[in-house]
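Participant: Fold the following, please.
(one chain, ligands or ions: 1)
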Amino acid sequence: MNIIKVKKIFDPNVIKAKQEIEDYLNKIASVIDLEKNWTLDEALKIEIKKSFIRGLTRFSKINNDLIEIIKKNFNEKIGNAKVNWITLFYPMIHLPNDKVEGGTFHYDDDKLKNFYTCWTPITEYKYPALSILKFQNFLTNLVKNVIIKLRLSKFFSENISVNKSDIFFWNGSMIHSGNINKSQNLSFAYQMKFTDTIYDSEPSINITKKINDTYKNEVYSSENISNSFNKFSTIINLIIENSNNSKLLDDKYIKKILNFYNHPSQEDSFGFSVMSQRIQTHPKIILKKENLIIKKDYIINNLDLFSLLVGFSNYISLLRLLKNNEKNFIKNIIIRNDKFKMYDLKISKILNIY
Ligand SMILES: [Fe+2]
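Facilitator: You can find the predicted model right below:
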């Protein structure tokens with residue numbers, strides 16, 4: 001049994017690095033007119049905006065200072081961990097009262113020996129962001145799984161209050177949950193993994209990669225943000241409108257949508273992937289008003305397909321497609337529509353493992 005560790009670290013340098021990211025977040029939110037509060041009526045529209053923000057921030061150069069500070073703290077404070085790989089920041093955004101973001105109790109990974117999640121708030125959290133299960137070190141894995149399955153964790157949990165200066169690390173078997181944003185403000189946090197072997201759900205980067213080289217995408221001007229968002233939301237709406245009774249859009253239509261792109265977009269690829277993931281988790285909330293629940297599976301499939309074709313920046317999209325479809329069917333559709341050579345570049349490698 002792994003000993004559960006939650007380590008909270010304070011480093012004054014994080015405040016400045018986070019402020020730059022928060023300012024960029026606020027700029028994007030203002031350009032795309034992100035709603036101040038979550039409502040069921042606007043659930044779909046809001047989710048498109050959140051997915052766009054998550055894509056844009058995940059790859060931005062603005063993260064380079066923060067990642068170096070986090071790596072340094074990890075090496076100093078959890079020094080004995082044998083870790084070779086990290087993932088990129090996985091942004092999470094919760095509007096006040098955001099029903100799509102209430103988490104359930106879970107652990108992140110119990111297979112890898114050296115596996116740590118890093119979680120750090122970018123904005124000030126005015127509610128307890130996380131809950132963890134009490135007395136975890138005294139429970140066997142079997143008991144923990146029963147507690148999760150029967151949803152008993154909430155009776156034995158403690159709330160964790162967080163400050164903007166905090167960086168949390170916990171290991172893969174720590175049972176925890178994110179909480180609904182009960183405050184009046186937008187909350188935004190980053191999560192990432194430190195692992196000994198390559199993490200199979202997301203692209204991994206070698207931890208020794210040189211300073212200021214992890215994140216490469218430009219910090220966009222308001223005009224660029226506005227144009228990118230118009231394109232992103234137009235495409236999602238086209239995908240949703242045209243997802244019908246066939247499993248995936250036909251090649252002619254796929255080509256039409258790919259015509260929006262002159263080069264791959266990691267940001268849009270990640271945005272499509274998290275949009276698909278949110279719809280899969282909360283279809284009745286996100287698709288209700290537009291009467292789209294019946295088309296749920298087709299929408300998820302198509303969003304995942306476009307996530308692969310325009311950048312393949314989240315492996316989960318491929319794993320989801322393989323779960324719901326036959327492998328050769330997916331492989332052929334990718335190869336027939338592979339405008340940016342994603343198959344040879346990245347997809348074939350992952351496809352061979354599954
Ligand atoms: Fe988690």
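Participant: distance from the centroid: which residue in this protein tops it?
Facilitator: Phe138 (31.2 Å; C-alpha atoms, centre = their mean).
Participant: Contacts only, for that one.
Facilitator: For Phe138, the contact set (C-beta atoms under 8 Å, 6 or more residues apart in numbering) is empty. Where you see a C-beta, it was placed from the backbone N, CA and C, and this is true even at glycine.
Participant: cool, the one 10 residues further on as well?
Facilitator: Contact criterion C-beta under 8 Å, 6+ apart gives Phe105, His106, Tyr107, Ile175 as the residues in contact with Ile148.
Participant: one more time with 7 Å, if that's ok
Facilitator: Counting by C-beta atoms under 7 Å, 6 or more residues apart in numbering, Ile148 makes contact with Phe105, His106, Ile175.
Participant: Surely the first one touches Met174?
Facilitator: It refers to Phe105. No: Phe105 is not in contact with Met174 according to C-beta atoms under 7 Å; the separation is 10.5 Å.
Participant: hang on, the earlier thing: return the member of the contacts of Ile148 nearest to Lys349.
Facilitator: Of all those, Lys349 sits closest to His106, with 27.9 Å by C-beta to C-beta.
Participant: so how far is Leu130 from that closest one?
Facilitator: Distance of His106 to Leu130, computed by C-beta to C-beta, to the nearest Å: 12 Å.
Participant: now swap in Ile254 and tell me
Facilitator: Counting by C-beta to C-beta, the gap from Ile254 to Leu130 is 40 Å.
Participant: can I assume Asp41 is in contact with Glu290?
Facilitator: No: if you go by C-beta under 7 Å, Asp41 and Glu290 don't touch, sitting 10.4 Å apart.
Participant: Neighbour count: those two, which is higher?
Facilitator: When Asp41 and Glu290 are compared for neighbours, Glu290 comes out ahead with 13 against 9, by other C-beta atoms under 10 Å.
Participant: where do the helices sit along this structure?
Facilitator: 13-31, 43-58, 64-77, 141-149, 222-242, 251-258, 266-281, 283-286, 296-310, 316-324, 327-336, 342, 348-353 (DSSP state H).
Participant: Tell me how far the first one lies from the chain's centre.
Facilitator: On the basis of C-alpha atoms, centre = their mean, to the nearest Å, helix 13-31 is displaced by 18 Å from the centre of the chain it belongs to.
Participant: Keeping just the C-alphas, turn that helix into CSV.
Facilitator: Taking C-alpha atoms only, helix 13-31 is exported to CSV below (Å, rounded to 0.1, in the frame of the first residue of the first chain):
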residue,chain,number,x,y,z
ASN,A,13,8.0,33.5,-6.6
VAL,A,14,4.8,31.8,-7.8
ILE,A,15,2.7,34.9,-7.2
LYS,A,16,4.2,36.9,-9.9
ALA,A,17,4.2,34.0,-12.4
LYS,A,18,0.6,33.3,-11.6
GLN,A,19,-0.5,37.0,-11.9
GLU,A,20,0.7,37.1,-15.5
ILE,A,21,-1.3,34.0,-16.3
GLU,A,22,-4.4,35.4,-14.5
ASP,A,23,-4.1,38.7,-16.4
TYR,A,24,-4.0,36.7,-19.7
LEU,A,25,-7.0,34.6,-18.6
ASN,A,26,-9.0,37.8,-17.8
LYS,A,27,-8.0,39.3,-21.2
ILE,A,28,-9.3,36.2,-23.0
ALA,A,29,-12.4,36.0,-20.9
SER,A,30,-13.2,39.7,-21.7
VAL,A,31,-12.5,39.4,-25.4
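Participant: elements contacting it?
Facilitator: Judged by 3 or more C-beta pairs under 7 Å, 6 or more residues apart in numbering; DSSP states H and E, helix 13-31 is in contact with helix 43-58, helix 64-77, helix 222-242.
Participant: what residues does it touch?
Facilitator: Under C-beta under 7 Å, 6+ apart, the answer for helix 13-31 is 53, 56-57, 60, 62-63, 65-66, 69, 122-123, 164-165, 167, 186, 188, 219, 222, 225-226.
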